[in-house]
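Engineer: Fold the following.
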Amino acid sequence: MNIKEALEKGILIKESKDLNKSRKSLEIANDKLNEAKSLLNVDKYDPCIIFSYTAMFHAARALLFKEGYREKGHLGVIIFLEDFYSNKIGRKLIYEFDRLRKERHDLLYGLEKEKISEESAKHTLIISEKFIKKIEGLLWN
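Structural biologist: Numbering: from 1, shown residues only. Next up is the predicted model:
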């Protein structure tokens, strides 16, 4: 799916550009990232993954607000990034973001209990930090 189809289906909505919302969303992203780090330090790996993804989600939303879009679901954010920012963020980081979106969904709503390792949680934090730093660089340029 591309931006045009996402707009037609209501997955994305065109709005006025809003750098104030971008700034607020990025603040939330950094708060969630710090919470994820705290959770890792007390061996809470499932919530660490969830908060790491949430941090990435809010960072990505900052770009949507900058460009004048709003999402109506997490998939809309992925579609937006793939269409507008894949060359600037990199396909690998967007892939990781989408993978974590699915992992977060399974952790929250799945019926099978997944065992999350410390290494997996640490890897997720590293990816989240890279993603957020990349977006911070794009947001104000």
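Engineer: Every contact and neighbour count from this point should use C-alpha atoms.
Structural biologist: OK.
Engineer: pLDDT of stretch 64-79, averaged?
Structural biologist: Summarised as a single mean, pLDDT over stretch 64-79 is 95.
Engineer: Flag the shaky bits of the protein, pLDDT-wise.
Structural biologist: For the chain, not a single residue meets the criterion pLDDT under 70.
Engineer: so where do the helices sit in it?
Structural biologist: For the chain, the helices defined by DSSP state H cover 3-8, 19-41, 45-67, 74-84, 86-89, 91-109, 118-139.
Engineer: from these, which stretch is densest packed?
Structural biologist: Neighbour counts (mean count of other CA atoms under 10 Å) averaged over each of those peak at helix 45-67, with a mean of 25.
Engineer: That one versus helix 91-109: what angle between them?
Structural biologist: When axes from the mean of the first three to the mean of the last three CA atoms, to 10 degrees is applied, the directions of helix 45-67 and helix 91-109 differ by 130 degrees.
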